[in-house]
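A.B. asks: Pasting the sequence and the predicted model now:
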Amino acid sequence: MKARTGYSTSLKQEFLKKWIKGIRIYSNFKKDMNILERKKAIKLSADLAIASTRNASTRWSRTLTANISKNETNKIFVEQIFSDSEVIKKEAPSRLMARSNRIASKKIWRRSHITQIKARKMGPYAVKARSIAKKLVKNRTKVLKSLVPGGENMDGISLIKETLDYIVSLRVQVDVMRRLASAAENSTRLGLSSKCSVHWLQGIFTVLDHWCAMVH
Amino acid sequence: MLRCAQSTTLSPEKCSVLGMDIDISVLERQKALLQRVYQQQQVQYLQPQEANMNPLFHQNMSNMLLAKYQECLDETNLPSFPMFGRGFACPELTSGSHSAISNNSSMTKHDHQISSKRDRTVSNNTRKRKAEFDVEDDCKDKGAEREAGEVQSEITVKTDRETSTNNSSKESVQKPDYIHVRARRGQATDSHSLAERARREKISKKMKYLQDLVPGCHKVTGKAGMLDEIINYVQSLQKQVELLSMKLAALNPRLDFSIDDFFAKEIPAYIASFPMQLQVPNPSSLQYNQLQQGAISCGVDMAMNPSQLLPQKEGSSSVPITEVYHDSSSGHQAQVLPTWDSEWQNLFNVGFH
């Protein structure tokens, strides 16, 4: 029972650790950043941290890391963070193109054939309504593909899978960031340093674990 | 008459008919989402309960699914076991749990306490199962990839035998390699359409998981509406990340989030009773009061998390918790500060030893 509720907290802990580590490395690189650079550093470390919690098993994490490493200045930073062996791989594009071509040709045949059958069966109105609905779905799928990193070449099923995983990770990210932000806010208000806020957050996760263990 | 026939078809038609309404409601939903962003504190406390992972539960989920498939195999004349072609409308079997899940995901505290454990485990299982997709779904996905090529011959052979005998639709997973599909009576037994149907079935299954995950998605049925909600949700989450990182940058001029040895510097004032009381359920509520007071002094949202978790306990203890929360939220933060300091250290020691 403890492990059940412990997973999300361990995920958050892992993310928090990696994120803080990334921020520290970044701030060692560059001293005296202005607010925009700081924000960029924070966001970058957060993205890298949340992508690395997946250990390159999902498409979006791989793409995210690859996109960040594309920038030359970030590359050194990334390599420093992932000095503890992480393979950043991308699928060979040729394989994907072949598969999408096959799928596309089949779809063309199917579309031409099926619309004929359906026009005969259902009448013109239904066919038109259905095609409008399909257009809607297609447009939205396109938008979703643009949102999820690495979603461009994926078919519907894997896109939905990746979206699910991405949503879960985004939530973890937002949750931890929000807690840190509120902790920092309160600590500045109460005059404490931010050091204790990080520890406090980590402590909260373990305390929650203990409470759950006790409850169950 | 034609209208009747059309109205029995699936929801994409309704979507198109109500096209305008959907656009307007999308705007409203976006507004609601923005509002929700500022009230997200409550949402965040759903998370420890939602994304629960455990190999045991994973096993349970897969067993549940396999059991379902076994039922399908055994019963030949049971119509409309909701496996085929139902689009994304929630089937009647799980509609009850879905509505409970919807209560869960609506962001109110008391709903949490009310919602049953079963619903939570169902939603947990689905969400967790999705997050651990690479174990089980990989088998099925390999089946999907090979489906187009290899399965068609299998499908035609099977359907010729079976469409004549039964009038129900079933989908069975016999091996991880293939997905054997039986056609419904009166539907095309064309291999293409069968494969297409199997693929649609998969997509609808995954959309159901998404429905549980994305708040507010259970009201919408049909691919287009749900995709819209998902898009809005992902966009709002990404924007939140941006905002929060900006906020953190503003709060912290030196980016000094450091994980020092906080405890080495402080002199901890151990209250020895603390770790002991953690095992006794009765004084736990008292202790919990102290914990809450301590937590509240440093951030209101932190305290909500324990209160969200505790509803799983017996109902009697949940009542004093909410009372305590209301009491201490009336704000005696300054007085509590010295006490929470020592208490937190004790809790840390509990955690780290």
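C.D. replies: Nice, thanks for sending it over. All values reported here derive from a predicted model rather than from experimental measurement. Numbering: from 1, shown residues only, chains lettered A, B, ... in the order given.
A.B. asks: What strand or helix carries the residue most central in space within chain A?
C.D. replies: For chain A, the residue nearest the mean C-alpha position is residue A:166 (3.9 Å; C-alpha atoms, centre = their mean). Element membership of residue A:166 [criterion: DSSP states H and E] is helix A:156-190.
A.B. asks: any idea how far the residue nearest to the centre of chain A is from residue A:57?
C.D. replies: Distance check for residue A:166 against residue A:57: by C-beta to C-beta, to the nearest Å, it reads 13 Å. In this view, the C-beta of every residue, glycine as well, is placed from N, C-alpha and C.
A.B. asks: Where does pLDDT dip in the stretch 151-300 of chain B?
C.D. replies: Within the stretch 151-300 of chain B, the ranges that satisfy pLDDT under 70 run B:151-177, B:179-184, B:186-187, B:257-300.
A.B. asks: measure the residue nearest to the centre of chain A to residue A:13 for me?
C.D. replies: Taking C-beta to C-beta, one finds residue A:166 at 20 Å from residue A:13.
A.B. asks: Next: residue A:29.
C.D. replies: Taken as C-beta to C-beta, the span from residue A:29 to residue A:13 is 25 Å.
A.B. asks: can you check residue B:209 too?
C.D. replies: For residue B:209, the distance to residue A:13 equals 25 Å [C-beta to C-beta].
A.B. asks: Those two - which one has more neighbours?
C.D. replies: Using other C-beta atoms under 10 Å in any protein chain shown as the criterion, residue B:209 and residue A:13 rank with residue B:209 on top: 20 against 17.
A.B. asks: For the helix or strand where the more buried one lies, name the packing helices and strands.
C.D. replies: Taking DSSP H and E as the criterion, residue B:209 maps to helix B:191-213. Using 3 or more C-beta pairs under 8 Å, 6 or more residues apart in numbering or on different chains; DSSP states H and E, the elements in contact with helix B:191-213 are helix A:93-122, helix A:156-190, helix B:92-105, helix B:117-131, helix B:133-146, helix B:152-162, strand B:180-181, helix B:223-251.
A.B. asks: Can I get the helix or strand hosting residue A:136 as PDB, trimmed to CA atoms?
C.D. replies: When elements are assigned from DSSP H and E, residue A:136 belongs to helix A:124-147. Taking Å, rounded to 0.1, in the frame of the first residue of the first chain, the C-alpha atoms of helix A:124-147 are listed here in PDB:
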ATOM      1  CA  PRO A 124     -25.800  12.300 -48.500                       C
ATOM      2  CA  TYR A 125     -26.400  14.200 -45.300                       C
ATOM      3  CA  ALA A 126     -24.900  11.600 -43.000                       C
ATOM      4  CA  VAL A 127     -21.800  11.300 -45.200                       C
ATOM      5  CA  LYS A 128     -21.300  15.000 -45.100                       C
ATOM      6  CA  ALA A 129     -21.700  15.200 -41.400                       C
ATOM      7  CA  ARG A 130     -19.300  12.400 -40.900                       C
ATOM      8  CA  SER A 131     -16.700  14.100 -43.100                       C
ATOM      9  CA  ILE A 132     -17.100  17.300 -41.200                       C
ATOM     10  CA  ALA A 133     -16.500  15.500 -38.000                       C
ATOM     11  CA  LYS A 134     -13.500  13.800 -39.400                       C
ATOM     12  CA  LYS A 135     -12.100  17.100 -40.500                       C
ATOM     13  CA  LEU A 136     -12.600  18.500 -37.000                       C
ATOM     14  CA  VAL A 137     -10.800  15.500 -35.500                       C
ATOM     15  CA  LYS A 138      -8.000  15.800 -38.000                       C
ATOM     16  CA  ASN A 139      -7.400  19.500 -37.300                       C
ATOM     17  CA  ARG A 140      -7.300  18.900 -33.600                       C
ATOM     18  CA  THR A 141      -5.000  16.000 -34.000                       C
ATOM     19  CA  LYS A 142      -2.700  18.300 -35.900                       C
ATOM     20  CA  VAL A 143      -2.800  20.800 -33.100                       C
ATOM     21  CA  LEU A 144      -2.100  18.100 -30.500                       C
ATOM     22  CA  LYS A 145       0.800  16.900 -32.500                       C
ATOM     23  CA  SER A 146       2.300  20.300 -32.500                       C
ATOM     24  CA  LEU A 147       1.900  20.500 -28.700                       C
END
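A.B. asks: near chain B, anything from that helix?
C.D. replies: Yes - judged by C-beta under 8 Å from any C-beta of the partner chain, helix A:124-147 and chain B are in contact via A:125-126, A:129-130, A:132-134, A:136-137, A:140-141, A:143-144, A:147.
A.B. asks: Using neighbour counts, trim those to the buried set.
C.D. replies: A:126, A:129-130, A:132-133, A:136-137, A:140-141, A:144, A:147 (16 or more other C-beta atoms under 10 Å in any protein chain shown).
A.B. asks: need those residues in a markdown table with pLDDT, can you?
C.D. replies: Shown next, in a markdown table, are these (pLDDT from 0 to 100):
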| residue | pLDDT |
| --- | --- |
| A:126 | 79 |
| A:129 | 85 |
| A:130 | 85 |
| A:132 | 89 |
| A:133 | 88 |
| A:136 | 89 |
| A:137 | 88 |
| A:140 | 90 |
| A:141 | 89 |
| A:144 | 88 |
| A:147 | 87 |
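A.B. asks: Residue A:162 and residue A:150 touch, don't they?
C.D. replies: Yes - between residue A:162 and residue A:150 there is a contact under C-beta atoms under 8 Å: 7.2 Å.
A.B. asks: Give the residues shared as contacts by the two.
C.D. replies: Applying C-beta atoms under 8 Å, 6 or more residues apart in numbering or on different chains, one finds that residue A:162 and residue A:150 are jointly contacted by A:59-60.
A.B. asks: neighbours of the residue lying closest to residue A:145 once chain neighbours are set aside, just the number please.
C.D. replies: Spatial nearest neighbour of residue A:145, excluding adjacent residues (C-beta to C-beta, 6 or more residues apart in numbering or on different chains): residue A:151 at 4.0 Å. The local packing of residue A:151 (other C-beta under 10 Å) involves 20 other residues.
A.B. asks: where does residue B:189 fall, helix, sheet strand or coil?
C.D. replies: Recorded secondary structure, residue B:189: coil (DSSP: H, G, I helix; E, B strand; the rest coil).
A.B. asks: try residue B:185
C.D. replies: coil.
A.B. asks: What of residue B:215?
C.D. replies: Residue B:215 ends up coil, using three-state DSSP.
A.B. asks: what does residue B:256 give?
C.D. replies: coil.
A.B. asks: Isn't residue B:207 up against residue B:222?
C.D. replies: No - here residue B:207 does not reach residue B:222: they are 9.4 Å apart, not a contact under C-beta under 8 Å.
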